[in-house]
Every structure is written in structure tokens, then in C-alpha cells.
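1. Structure for the following, please:
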Amino acid sequence: MIRFKGFYSLVLLLISFVLVFALPSGAYSEEKPVIVEAEGFARKSSSGEYRTTQLARDEAVKGSVLVALRLFMDEVLLIENMDFIESNILASSSKYVLNYRILYQGWITHYDLPEETEVEETKETTASEGKKTSSSAAADGVPAYHTKVEARVDISTLKKDIKKFVFIEDYEVSDIEIIIFGVEDYKDFEEIKSRLLLVPGIKELSYKSFFRRKTVMTAMVTLPFNEIFNALRKEFASNFSVIPTGGGWGSGAETLILKPILRGGAR
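-> Numbering: from 1, shown residues only. Next comes the predicted model:
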């Protein structure tokens with residue numbers, strides 16, 4: 001009887017090996033969740049402040065899924081399929097957002113938003129017509145509650161659901177760290193950030209930490225690390241040295257350092 005038990009254990013082990021190797025090659029190579037930032041807002045609701053803050057948070061969570069979509073979808077393709085995306089993807093944002101944290105929340109008065117006016121509901125008006133939007137902005141401004149979140153999005157599931165209906169070019173999204181030294185002026189920093197977003201393969205940038213003359217950012221990229229490195233060297237050749245660190249050249253280093261080139265060629 002002991003022999004039979006051993007024989008059946010061996011058979012089950014062999015079956016498990018067959019099942020593992022019979023699976024598609026990409027079955028265990030799911031992409032890591034991506035971390036993105038998004039902001040949502042809601043006008044002051046007649047249902048109360050709590051409801052308004054809820055709506056703003058929900059819009060921010062939806063926005064984080066939209067930011068994640070832009071990492072692997074062309075903008076034209078995104079616009080062409082927006083009806084489907086809104087009803088099938090954004091309407092189920094909680095399916096893709098694994099968790100999030102609030103970076104900022106509070107009231108902001110807008111002077112560029114048209115004012116909404118309540119209309120008494122009668123036999124001639126429907127519930128959907130209960131609010132009307134004027135064509136001109138309110139003179140005293142329109143209060144709106146803003147919420148900004150940092151969300152962790154399940155990009156593998158998101159891609160899988162989009163691919164059921166939309167053909168997209170399949171490439172992996174990964175994150176690298178970019179450390180910028182020696183920049184204190186806000187305008188200079190914004191210029192560097194704009195130039196980084198023009199680099200092919202960099203889809204999204206978010207702040208990780210700030211120190212004096214040192215800023216750490218996370219970049220979501222869709223090209224191999226060495227291609228991003230070469231593109232940054234070309235873009236910043238005149239004023240920055242670009243140094244790869246983290247895992248060693250050729251082994252998937254995850255960090256790029258931008259260090260200003262000092263006058264006279266010193267670094």
C-alpha cells in the first residue's frame with residue numbers, strides 16, 4: 001500500500017509539471033502594478049458636503065485609471081473608444097485600482113466654471129432637467145471640492161479587458177527612478193520635467209521626494225532601460241551628465257541620475 005501511495009504521488013507530481021509547462025509562456029509574467037497620480041473635483045452638492053467629497057474622490061480614482069490607460073494607448077485610439085472606455089472600464093474603476101492614498105483635498109473656488117441653477121421639477125420637466133447650466137461663469141465663483149490621489153493600478157487586468165474590444169500594441173510598462181541634482185529654481189525644474197516628458201518612451205512622471213538640490217521622480221516607461229538612457233543622454237547632452245545606477249549596466253539598472261555639467265567641463 002505504501003508503494004501505491006508513492007506511485008500516485010509521483011503521477012500527481014508529473015501531471016502538475018505537465019500543466020505548468022503547457023500554460024502559455026506569458027501566464028506567469030504579469031506586469032507589476034503602476035503607480036500614478038490623478039485629480040478629481042465635484043461642485044458643491046445639494047446633498048451635502050460628504051456627498052461632494054465622495055464624488056471628487058470617485059472622479060480622482062477614475063482619473064487614475066485613465067492615466068494608466070494613456071501609458072499604453074495612443075491618444076487618438078483612446079478618444080475613438082472613449083464611449084466604450086467610460087461605460088465598461090471607468091465605470092468599474094475599483095476593479096483596477098488596488099489601493100490609493102490621498103495627496104491633497106480641499107475646496108477651490110473656480111471663476112471659469114459656468115454656474116448651475118436648480119429648476120423646480122414639474123410635469124413639463126424631467127428629473128434629468130432638474131439642473132441647468134448657464135453659459136456664463138458665476139460672478140462670485142463656483143466652489144468645487146478637489147481630491148488628488150496616488151493610486152496603484154493593476155495594469156495587467158486593465159490591458160486584458162481593453163484587448164477584448166480594442167486592438168492595442170502590446171508592450172510592457174515599467175517604472176524607473178530619475179534623480180535630478182543641482183536644480184533649485186522652480187522654473188528650471190519645470191523646464192526639465194517638460195523635456196523629460198518629450199523623451200520617447202517616458203509616459204508619466206510623478207514626484208517621489210524632495211530634498212535641497214535633489215529631486216527624486218518615478219517615470220513610467222514603455223521602452224527598455226538602455227533606450228531611455230541613450231535618449232536622455234541625447235536630450236540633456238549640453239547641460240547634464242546622465243548616469244545609470246541601481247543594478248549595474250546591462251543588468252536592468254532602475255535609476256538614472258541627472259547631474260549638472262559645471263563650467264569648464266568639471267562635473
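
2. per-residue pLDDT, the residue sitting nearest the centre point of the chain?
-> Among the residues of the chain, residue 36 comes closest to the average C-alpha position under Cα atoms, centre = their mean, at 3.1 Å. If you check residue 36, the pLDDT there is 91.

3. residue contacts, it?
-> If a contact means Cβ atoms under 8 Å, 6 or more residues apart in numbering, then residue 36 has 64, 67, 68, 71, 150, 151, 153, 204, 206, 220 as its contacts. C-beta coordinates here come from the backbone N, C-alpha and C atoms, glycine included.

4. That one belongs to a helix, doesn't it?
-> No: counting by DSSP: H, G, I helix; E, B strand; the rest coil, one finds residue 36 to be strand, located in no helix.

5. which residue sits closest to it in space, ignoring its chain neighbours?
-> Distance criterion Cβ to Cβ, 6 or more residues apart in numbering; nearest residue to residue 36, sequence neighbours excluded, is residue 67 at 4.3 Å.

6. Can you report how many residues neighbour that neighbour?
-> 19 (other Cβ atoms under 10 Å).

7. Grab the nearest non-local neighbour of residue 35.
-> Using Cβ to Cβ, 6+ apart, the closest residue to residue 35 is residue 152 (5.5 Å).

8. That neighbour touches residue 101, doesn't it?
-> No: here residue 152 does not reach residue 101: they are 9.1 Å apart, not a contact under Cβ atoms under 8 Å.

9. For residue 110, list each beta-bridge partner.
-> Under DSSP bridges, the beta-bridge partners of residue 110 are residue 142.

10. Enumerate every residue touching it.
-> 137, 141, 142, 143, 144.

11. who touches residue 67 in this structure?
-> 36, 37, 38, 153, 204.

12. can you dump the C-alpha coordinates of stretch 95-102 into PDB?
-> The C-alpha trace of stretch 95-102 is given here as PDB (Å, rounded to 0.1, in the frame of the first residue of the first chain):
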ATOM      1  CA  LYS A  95     -11.700  46.700 -10.200                       C
ATOM      2  CA  TYR A  96      -8.300  48.100 -11.400                       C
ATOM      3  CA  VAL A  97      -7.300  50.400  -8.500                       C
ATOM      4  CA  LEU A  98      -5.700  48.100  -5.900                       C
ATOM      5  CA  ASN A  99      -5.300  50.900  -3.400                       C
ATOM      6  CA  TYR A 100      -4.700  54.600  -3.200                       C
ATOM      7  CA  ARG A 101      -3.700  57.400  -0.900                       C
ATOM      8  CA  ILE A 102      -5.000  61.000  -0.800                       C
END
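
13. Please report phi then psi for the residue nearest to residue 35.
-> phi -100, psi 110 (degrees, to the nearest 10).

14. Contact partners for it?
-> 33, 34, 35, 97, 98, 99, 100.

15. residue ranges for the strands of the stretch 51-200 of the chain, please.
-> 97-110, 114-118, 131-137, 142-153, 174-181 (DSSP state E, counting those that start in this stretch).

16. Least reliable of those by average pLDDT, please.
-> strand 131-137 (a mean of 51).

17. Residue 62 and residue 89, how far apart?
-> Here residue 62 is placed at a distance of 9 Å from residue 89 (Cβ to Cβ, to the nearest Å).

18. whoops, I mixed them up, residue 31
-> 17 Å.

19. ditto for residue 71
-> Distance, residue 71 to residue 89, using Cβ to Cβ: 14 Å.

20. Next: residue 61.
-> In terms of Cβ to Cβ, residue 61 sits 12 Å off from residue 89.

21. Also residue 192?
-> 33 Å.

22. sorry, back to before: pull out the buried members of the contacts of residue 110.
-> By neighbour count, with 16 or more other Cβ atoms under 10 Å, the contacts of residue 110 hold 142, 144 as buried.

23. Present the contacts of residue 110 as CSV; the columns should include distance to residue 163.
-> Compiled in CSV, the contacts of residue 110 are given as follows (distance: Cβ to Cβ, whole Å):
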residue, distance to residue 163
137, 42
141, 44
142, 40
143, 41
144, 36
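
24. So what's the gap between the host helix or strand of residue 230 and the chain middle?
-> Secondary structure from DSSP states H and E places residue 230 in helix 225-235. The gap between where helix 225-235 is centred and where its chain is centred comes out at 22 Å by Cα atoms, centre = their mean, to the nearest Å.
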